[in-house]
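> With the sequence up front, the predicted model follows.
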Amino acid sequence: MSNYYFKEALTAEIFTFINKATEELNLESYVIGGFVRDFILQRNNVKDIDVVTVGSGIDLAKKVAELLLNKPKVQVFKTYGTAMVRYKDIEIEFVGARKESYSEDSRNPLVFEGTLEDDQNRRDFTINALALSLNSSSFGLLLDPFGGMEDLKNGIIRTPLDPSITYSDDPLRMLRAIRFATQLNFQIEEKSFLAIKENVERISIITKERVVVEFNKILASPKPSIGFLLLEKTGLLSLLMPELIALKGVEEVEGQSHKDNFYHTLEVVDNIAVNTEDVWLRWAALLHDIGKAPTKRYNPKLGWTFHSHEFVGSKMVYKLFKRLRMPLNNKMKFVQKMVLLSSRPIVLASEVTDSAVRRLIFDAGDDVESLMTLCEADITTKNPKKFKRYHKNFEIVRQKIKEVEERDRVRNFQPPISGEEIMKTFNLKPCREIGQIKEAIKEAILDGKIPNEYQPSYDFMLEKGKKLGLSPV
């Protein structure tokens with residue numbers, strides 16, 4: 001590719017200001033890393049730009065902000081010698097060229113001033129070491145000391161220097177290698193892949209929060225199974241998420257076997273990735289069967305069973321989130337709910353009754369559509385007739401949900417009779433009978449014995465109260 005081609009990459013107004021600031025401070029500056037890589041790959045979703053300068057990145061950031069008309073605030077990170085300026089919707093990070101030295105027990109290096117070559121040497125992968133000159137004398141010139149362009153062309157993830165040292169110095173790079181391979185559908189070079197396997201235990205020095213960031217990016221990729229297969233093959237998944245590894249393998253007793261739930265899970269995640277970008281629903285797909293390993297039993301009459309695996313799995317979600325230091329909030333509760341309910345629509349598909357649909361809508365609430373998306377992704381049969389029949393059954397369930405919801409309005413409903421009204425009607429103080437009556441009204445509505453309306457619920461309350469020995473006042 002010609003230099004002119006790369007000048008086209010730098011036509012955005014911000015590069016004019018960086019060039020001017022560079023000249024005024026008599027520095028050398030380069031745009032490096034992801035911006036260059038993604039431009040060459042024609043992935044036009046620029047959210048951040050990394051600029052490296054031979055000198056002070058903080059001084060350059062301040063000069064750029066001074067030249068910009070809106071005089072944006074400069075965020076300075078003195079510890080790292082970096083500064084950030086927001087320009088329109090893009091974050092530009094400025095850093096001085098540096099070289100690094102690592103200790104065995106930390107991924108945080110000692111940092112020293114260096115040259116552009118030093119800075120490119122410290123980069124994780126050849127495709128992230130590509131740099132474009134922002135200097136007037138060579139504006140747009142590509143600097144590619146490690147053959148990153150060739151690796152982009154061939155779809156290769158490779159480290160600039162010895163991969164064993166690269167991964168040992170900063171073990172997070174092992175996850176980043178797998179993440180980039182997943183996002184870009186690239187292959188990890190064999191030497192680099194073996195180095196990950198050799199250094200797998202080093203992942204223990206990485207914080208769980210940083211691990212989860214990479215997991216989320218793998219899950220957010222077009223085909224997440226690429227990443228999880230690599231995590232499994234390198235040994236990283238055994239250390240980070242043993243619950244998934246426990247699903248691996250097929251047992252056979254008396255000629256009866258079960259499917260490999262690990263590979264099934266990866267198929268489900270890929271299926272759901274086609275229909276949703278919600279990373280938490282993708283987490284639910286990843287974890288929907290984790291309860292099957294601890295509940296697997298062989299029954300001579302029934303074959304292999306996984307009784308209550310959804311309930312067990314939903315409890316395991318909490319433990320996994322806590323161990324990985326993921327948010328123990330509504331996102332986790334959503335994943336738990338999806339895992340707990342993941343088989344309900346499947347059971348419904350064989351016999352769609354109004355009562356069962358009402359209960360599904362009530363239990364799933366506003367997440368019923370997400371649940372249906374998960375269950376449809378769970379269809380991984382290779383038999384075309386079964387595949388078609390299962391999807392047809394889910395279409396029937398979806399239609400039934402729509403009909404029941406429009407008629408009975410049970411999504412997130414509260415019984416028409418409140419606890420306060422029950423207390424007032426029977427002149428009661430707080431007691432268990434109030435809860436019993438309220439629960440009975442809810443069950444009667446869900447069972448279709450009474451409509452979700454005030455007067456039928458009031459009459460049912462009087463009837464239930466009478467059975468409990470209560471009289472209205």
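Happy to help now that I have it.

> Now do the SS call for Ile379.
On the three-state scheme (DSSP: H, G, I helix; E, B strand; the rest coil), Ile379 is labelled coil.

> State the number of residues packed around it.
18 (other C-beta atoms under 10 Å). Every residue, glycine included, has its C-beta placed from N, CA and C.

> any idea which residue sits dead centre in the chain?
Centroid-nearest residue in the chain, with C-alpha atoms, centre = their mean: Asn216, separated by 3.2 Å.

> per-residue confidence for the nearest residue to that residue once chain neighbours are set aside?
The shortest distance from Asn216 to any non-neighbouring residue, by C-beta to C-beta, 6 or more residues apart in numbering, is to Val279 (5.6 Å). According to the prediction, Val279 has pLDDT 98.

> Any idea how far stretch 39-46 is from the middle of the chain?
Here the centre of mass of C-alpha atoms in stretch 39-46, compared against the chain's by C-alpha atoms, centre = their mean, to the nearest Å, lies 22 Å away.

> Just the CA atoms of that stretch, as PDB, please.
The C-alpha atoms that make up stretch 39-46 are tabulated as PDB, following Å, rounded to 0.1, in the frame of the first residue of the first chain:
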ATOM      1  CA  PHE A  39      -8.300   1.300   9.400                       C
ATOM      2  CA  ILE A  40      -6.400  -1.200   7.400                       C
ATOM      3  CA  LEU A  41      -9.000  -3.900   8.200                       C
ATOM      4  CA  GLN A  42     -11.700  -1.300   7.200                       C
ATOM      5  CA  ARG A  43     -13.300  -1.600  10.700                       C
ATOM      6  CA  ASN A  44     -14.600   1.900  10.800                       C
ATOM      7  CA  ASN A  45     -15.700   2.200  14.400                       C
ATOM      8  CA  VAL A  46     -13.200   4.600  15.800                       C
END
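
> Correct me if wrong: Phe321 contacts Asn329.
No. Here Phe321 does not reach Asn329: they are 9.4 Å apart, not a contact under C-beta atoms under 8 Å.

> Just confirm Ile49 is within a helix.
No. Membership of Ile49 in a helix is not supported by three-state DSSP, which gives strand.

> before we move on, which element is the nearest residue to Thr380 once chain neighbours are set aside in?
Spatial nearest neighbour of Thr380, chain neighbours left out: Glu267 (4.4 Å); criterion: C-beta to C-beta, 6+ apart. Taking DSSP states H and E as the definition, Glu267 sits inside helix 261-275.

> After that helix, which helix or strand is next? Please name it.
Beyond helix 261-275 on the C-terminal side, the first helix or strand identified by DSSP H and E is helix 279-287.

> how about the strands of the stretch 1-150 of the chain, start to end?
With DSSP state E, counting those that start in this stretch, the ranges of strands along the stretch 1-150 of the chain come out as 29-32, 48-53, 74-77, 82-87, 90-96, 98-101, 110-113, 131-133, 142-143.

> Switch those strands over to a markdown table; also include mean neighbour count.
Output for the strands of the stretch 1-150 of the chain, formatted as a markdown table (neighbours: other C-beta atoms under 10 Å):
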| stretch | mean neighbour count |
| --- | --- |
| strand 29-32 | 26 |
| strand 48-53 | 23 |
| strand 74-77 | 15 |
| strand 82-87 | 20 |
| strand 90-96 | 21 |
| strand 98-101 | 16 |
| strand 110-113 | 12 |
| strand 131-133 | 24 |
| strand 142-143 | 18 |
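
> so where do the helices sit in the stretch 201-350 of the chain?
Assigned helices in the stretch 201-350 of the chain, in chain order: 208-219, 225-234, 236-240, 242-245, 261-275, 279-287, 292-295, 309-323, 330-341, 344-348 (criterion: DSSP state H, counting those that start in this stretch).

> Let me know which of those is the nearest to Phe17.
In terms of C-beta to C-beta, the element of the helices of the stretch 201-350 of the chain nearest to Phe17 is helix 208-219, at 30.5 Å.

> returning to that earlier point: in terms of secondary structure, what does the helix holding Glu267 contact?
In terms of contacts (3 or more C-beta pairs under 8 Å, 6 or more residues apart in numbering; DSSP states H and E), helix 261-275 is packed against helix 225-234, helix 242-245, helix 279-287, helix 368-377.

> Just the buried residues of that helix, please?
Taking 16 or more other C-beta atoms under 10 Å as the basis for neighbour counts, the residues of helix 261-275 that come out buried are 261-266, 268-273.
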